[in-house]
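*Asks:* Below: sequence and its predicted model.
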Amino acid sequence: MKLSGWGRYPVIDSLPEFPVGDECVMKLIEAHGSGPLIGRGLGRSYGDSALAPTAVHSAYLDYFRYFDKQTGILRCAAGVSLASVLELIVPEGWFLPVTPGTKYVTVGGAVASDVHGKNHHIDGCFSEFVQSITIATANGIVECSKTSNAELFCATCGGMGLTGFILEVEIRLKRISSSFIQATTIKTKNIAETVEALDIHRSATYSVAWIDCLSTGKGLGRSLIMLGEHADDGGLQTGCKARLSVPFDVPGLFLNGVTMQAFNSVYYHRVTKAKSRSLVSYEPYFYPLDGVRNWNRLYGSDGFLQYQFVIPRKAGIEGLTVILNRLAASKRGSFLAVLKLFGEENSNYLSFPMEGYTLALDLKRSPEVFALLDELDDVVVGLGGRIYLAKDARMSKSIFQASYPGWESFSQLRRQWGADNIFNSIQSIRLGL
Amino acid sequence: MNNVLIIGATSAIATAVARIYAKRGDSLYLLARDESRLLKITDDLRVRGASEVYSARFDAQEFSSHESVLDRVFSLMKQVDVVILAHGTLPDQEACQSSVEVTLREIEVNALSSVSVLTHLANSLEKQGSGTLAAITSVAGDRGRKSNYVYGSAKAMVSVFLAGLRHRLFGKGVNVLDVRPGFVDTPMTKAFDKGPLWAQPESVAEGMVAAIDRGKAVVYLPFFWAWIMRIVRNLPSFLFLRTSL
Ligand SMILES: Cc1cc2nc3c(=O)[nH]c(=O)nc-3n(C[C@H](O)[C@H](O)[C@H](O)COP(=O)(O)OP(=O)(O)OC[C@H]3O[C@@H](n4cnc5c(N)ncnc54)[C@H](O)[C@@H]3O)c2cc1C
């Protein structure tokens, strides 16, 4: 079967396995003695992290184990999607403590990528709220947490499925009294204002900036900053299904410098006031793209690359300016460029966030884009930053090793658990893990 | 609140159906062979809102156990409002062709075991004077085809048996529903290439519960299979025999 990530590049032949229980997973691991095999959730990682000759899908490992409505402790199998979690918990007055920009990811995928949300500067990564993980390793089923098998825990959170197959996860939820978000939009004129506004509002629970990354000169880095707080009332409602769907690949012509510049400009100018407030349901606020199913087809059948990097706080405005200039000059901007402030990094071996600024871009795939990103890699790593593995499809081994200091201990731990022989993705082989 | 009994509760469609009833706050009794999976599904349905979930091991091929297992269900639940029959296997047609033994075993699992269970259930529901008896058969039962006639003929037997029960229980407060899904994307069919005709278990489950709610007799899921099968059934033999269906 042909298989790819959300960016639809690369595409490989992969044998799909759909285990229906923990014992089936163990049998698969034993049967595939030397792999390579990798866990796979909803395939929302962009590149090749969930690609291997054998992909173990968690689709039928989608049961809840328990949910304590008093304490907000939820335990479920790894294949449960964040969408199903929300459907269950929101009406009871609970919310995900950390959520990525789409609810169509699995709990297992969220742990494996140690995902971050719009509140990273305050709450950190997903793993912060994980109480324990049950994982099928090469040596059998093991339970791990911050206190027991702590090293395996730190390696599994952000470990891209390379320590074993996650079976169950227990998380601590967040109390809410309303499913609505009090959203504030701030319009800024350039990168300096953007960075300053993010900084001033760093006590806001949620914050993120949408950058018009095609605007140059004085308007370089002009943005719409979206802040959010959970509202106090409005009720606890959930459930809005995707209304639109992209039924086929849109011809590549559609996405070019002109349409993108137009889109970015219209999007920016749509907001007329310097500061505006509104009350919105959590779904459009956190998951704006989930309203359009298969939106990845907009980039045509060649697919696209998502590029997300982080640079340390001290590299700040200057670093971002260099990169934004480089992007604007290439005229290969992106429909979506999202800038966010990260808080402190955690101690997981391969977790992506570090204190500083992170920018995420979607770029239509072309040979020039590969060259451009190679250049940007050097800039990012030169500034002391790194690239997000969940979105990567092309980073080189040397860039990876130079920017993820935990990689060697991670490899060692993999060997110790017998994972290096079995659990491998196309990405892990490329990165030499 | 309804009391729902599901036989073959670990199958993908059955699990999806159970989740719909759980969300409505109904009470469920699950029967299946794989006990460790049954336990996980039981927990899952409780979390999703079922007011009560009971479960017990049930092996379709142990005919002698059927009556006592079902008696226990009826005595525990007092009243059973909906019964869903979802157990079954997907035989390997080629293996069946080269072995009478395999063929008969598949007929036993997919047809005879249902006949046994349905007989006990029909009697209990008739006595109770209410309820819906729904069984999952298949579009494959509508016409024998070379690619899966062992499965198809087993399902056809169940369909005719259900039609007979419907006739017998008409006017006794019991509705009998024959659910005929087309291709469904489940662990049982994971080895197949999926085209546009394939449906997800969740959407089949929704259609099934809607048909139960509306007291229907026969339902094709998704609906377009009714049209496809009308054509397949009516294709003249001289044409049909030349197809590779
Ligand atoms: C629109 C969009 C917005 C996004 N926004 C954000 C964001 O704001 N923040 C952020 O951090 N990320 C974001 N992402 C990325 C996404 O959150 C991650 O890629 C996530 O890991 C995808 O989960 P998945 O279930 O689809 O996993 P997959 O893509 O299937 O797999 C991702 C990784 O997890 C591993 N994995 C999956 N299941 C298991 C398992 N059971 N056991 C072991 N390993 C497993 C895979 O091996 C792979 O390495 C976004 C993605 C999209 C498409």
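*Replies:* Cool, got the structure.
*Asks:* phi, psi of the residue nearest the centre of chain B?
*Replies:* Residue closest to the mean C-alpha point of chain B, counted by CA atoms, centre = their mean, is residue B:136 at 2.5 Å. Recorded main-chain torsions at residue B:136 are phi -90, psi 120, according to degrees, to the nearest 10.
*Asks:* Quick one: name the residues of chain A near the ligand.
*Replies:* Contact residues of chain A with respect to the ligand, defined by CB under 6 Å from any ligand atom, are listed as A:6, A:38-45, A:49-50, A:58, A:78, A:100-102, A:105-106, A:108-110, A:112-113, A:115-117, A:160-161, A:165-166, A:289, A:390, A:425. Placement of C-beta: from N, CA and C, glycine included.
*Asks:* ok, and of these, which contact chain B?
*Replies:* Intersecting the residues of chain A next to the ligand with the contacts of chain B gives an empty set (criterion: CB under 8 Å from any CB of the partner chain).
*Asks:* Buried ones from those residues, can you make that a PyMOL selection?
*Replies:* Buried members of the residues of chain A next to the ligand can be picked out in PyMOL with the line below, counting by 16 or more other CB atoms under 10 Å in any protein chain shown:
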select buried, chain A and resi 6+38+39+40+41+42+43+44+45+49+50+58+78+100+101+102+105+106+108+109+110+112+113+115+116+117+160+161+165+166+390+425
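*Asks:* OK, now which residue of chain B is nearest to the ligand?
*Replies:* Shortest chain B-to-the ligand distance, computed as CB to the nearest ligand atom: residue-wise this is residue B:40, at 15.2 Å.
*Asks:* Sort out for me which of the residues of chain A next to the ligand are in helices.
*Replies:* Secondary structure defined by DSSP state H assigns A:108, A:109, A:110, A:112 of those to helices.
*Asks:* shaky segments in chain B?
*Replies:* For chain B, the stretches flagged by pLDDT under 70 are B:191.
*Asks:* Go through it and flag its longest helix.
*Replies:* The longest helix of chain B (DSSP H) is helix B:149-169.
*Asks:* Show me what that one is packed against.
*Replies:* Of the remaining helices and strands, those touching helix B:149-169 by 3 or more CB pairs under 8 Å, 6 or more residues apart in numbering or on different chains; DSSP states H and E are helix B:93-97, helix B:100-107, helix B:113-128, strand B:131-136, strand B:174-181.
*Asks:* Dump that helix to CSV, keeping only the CA atoms.
*Replies:* What follows is helix B:149-169, C-alpha atoms only, in CSV (Å, rounded to 0.1, in the frame of the first residue of the first chain):
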residue,chain,number,x,y,z
TYR,B,149,-20.3,-18.0,-2.6
VAL,B,150,-19.5,-19.8,0.6
TYR,B,151,-19.8,-16.7,2.7
GLY,B,152,-22.7,-15.5,0.5
SER,B,153,-24.7,-18.7,0.9
ALA,B,154,-24.3,-18.8,4.6
LYS,B,155,-25.5,-15.2,4.8
ALA,B,156,-28.4,-16.0,2.4
MET,B,157,-29.5,-18.7,4.8
VAL,B,158,-29.6,-16.3,7.7
SER,B,159,-31.5,-13.7,5.6
VAL,B,160,-34.2,-16.2,4.7
PHE,B,161,-34.3,-17.4,8.3
LEU,B,162,-34.8,-13.8,9.4
ALA,B,163,-37.6,-13.3,6.9
GLY,B,164,-39.3,-16.3,8.3
LEU,B,165,-39.0,-15.1,11.8
ARG,B,166,-40.3,-11.7,10.8
HIS,B,167,-43.4,-13.3,9.4
ARG,B,168,-43.8,-15.5,12.5
LEU,B,169,-43.4,-12.6,14.9
